[in-house]
Structures are given as structure tokens and as C-alpha cells.
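Visitor: Here's a sequence, model it:
(one chain, ligands or ions: 1)
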Amino acid sequence: MEYGNRNADIMLIGEGPGADEDTQGEPFVGRAGQLMNKAFIGLGIKREEVYIANIVKCRPPQNRNPENDEAVACMDYLRSQVMLVKPKIIVLLGSVALKNILGNEYGITASRGKWIEKNGIIYIPTWHPAALLRDETKKIDFWKDLKEAIRRLEEIKKEVN
Ligand code: URA
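Guide: Here you go, the predicted model:
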């Protein structure tokens, strides 16, 4: 349950597959994913350029949030994905990704759009794309946060050269 470029500079981490993703074996292909793809197009990002993963690799029944033990069971897989891809930036999509990766003390409303560094990796949390389907006003934040991720990536690339 992943998609994208093994050499991606940006990795996006969601929650877990929904029904469409379960059927197609690819993350973010349902309505939320299509909305995210539109943001990518608007920002000049190619979906094939980034790497998209999820906290859990199997669909929780009735799309409930993953239980803690389910997230823990999938964490080594996700850690391997991060180690292999070595992204320069990780975008955390929503509260489940944020809490499982950075800790339960983080809340998405307070953390979104802010850079958080942990163990040498820089993260920017943002709304889960499904939240944008429920509340259109969040689209602008989502857009800003992805734009900030691209800006920071360009900065990092300049520093390296
Ligand atoms: N929501 C997620 O968190 N991940 C997907 O892959 C699809 C929807």
C-alpha cells in the first residue's frame, strides 16, 4: 500500500486505505486522493514524483481509525519505507499520522503548517484530504501547507548545492 518514487524528496503519510484504495491497492485513489491530486496539479507537483504511504496498510473495518496496536504493527514497515526513500520532507496528512509519528501530545489544529523536526527528519503536518471534503474552508490551509513544503524543499536543495 504505497505509491510513488523511491527517490522522492517529499513523502506524504496518510492514515490507512479506504474502500477504493483497498480495491486498487494504491493509496489515495478515492475522493480524498482525487482532491489531493488536484492540489498537486495546481502546485506543479507530479503524483509520480512524490511518495505516498499510510500508517496502516490494511483497511480498518468501516473505515474506523486504526487502533493503536494496528498502527504499531505497521510501524516497522513505514520506518523501512522512510529509510529506503530518505525523503527530505515528510508531510503528515491528518491527526492519525501526526499522533502516530510525532506523539499523542500533538494536535492537528495547533500543529498544521508548522515545521517539526524529530530524529533528523523534518515534518509538516496538514489536514487530511478527507477533512477538506467535509469542510471546504480547510482547502486554503492545505494548499498553503503543501506550498510551504515545496518552498522549504527548494531552500534545502539550494543549501546542498
Ligand atoms: N485516506 C488515507 O488516509 N489513506 C488513503 O490511502 C486513502 C484515504
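Visitor: near the ligand, anything from the longest helix seen in the chain?
Guide: The longest helix of the chain (DSSP state H) is helix 138-160. No: applying CB under 6 Å from any ligand atom, one finds helix 138-160 out of contact with the ligand, separated by at least 13.7 Å. Just so you know, the C-beta spots here come from the backbone N, C-alpha and C atoms, and that holds for glycine as well.
Visitor: Check which helices and strands the helix or strand bottoming out on mean pLDDT in the chain sits against.
Guide: Scoring the helices and strands of the chain by mean pLDDT, DSSP states H and E places strand 3-4 at the bottom, with a mean of 90. Under the contact criterion of 3 or more CB pairs under 8 Å, 6 or more residues apart in numbering; DSSP states H and E, strand 3-4 touches strand 51-54.
Visitor: How far off centre is the strand it packs on?
Guide: With CA atoms, centre = their mean, to the nearest Å as the basis, strand 51-54 stands 6 Å off its chain's centre.
Visitor: Which other helices and strands does it contact?
Guide: If contacts are counted by 3+ CB pairs under 8 Å, 6+ apart, strand 51-54 sits against strand 3-4, strand 10-14, helix 68-85.
Visitor: pLDDT below threshold where in this structure?
Guide: By pLDDT under 70, the chain has no low-scoring segment.
Visitor: Show me which residues of it are close to the ligand?
Guide: Counting by CB under 6 Å from any ligand atom, the chain sits next to the ligand at 14-18, 21, 27-28, 30, 32-33, 54, 130.
Visitor: please redo it, this time with the cut-off set to 8 Å
Guide: Contact residues (CB under 8 Å from any ligand atom) of the chain with the ligand: 1, 14-18, 20-21, 26-30, 32-33, 52, 54-55, 93-94, 96-97, 128-130.
Visitor: Only whichever of the residues you listed are buried, select them in ChimeraX.
Guide: To isolate the buried members of the residues of the chain next to the ligand in ChimeraX, using 16 or more other CB atoms under 10 Å:
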select :1,14,15,16,17,18,20,21,26,27,28,29,30,32,33,52,54,55,93,94,96,97,128,129,130
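Visitor: ok, for Ile108, nearest residue in space, not its chain neighbours?
Guide: Spatial nearest neighbour of Ile108, chain neighbours left out: Ser95 (4.2 Å); criterion: CB to CB, 6 or more residues apart in numbering.
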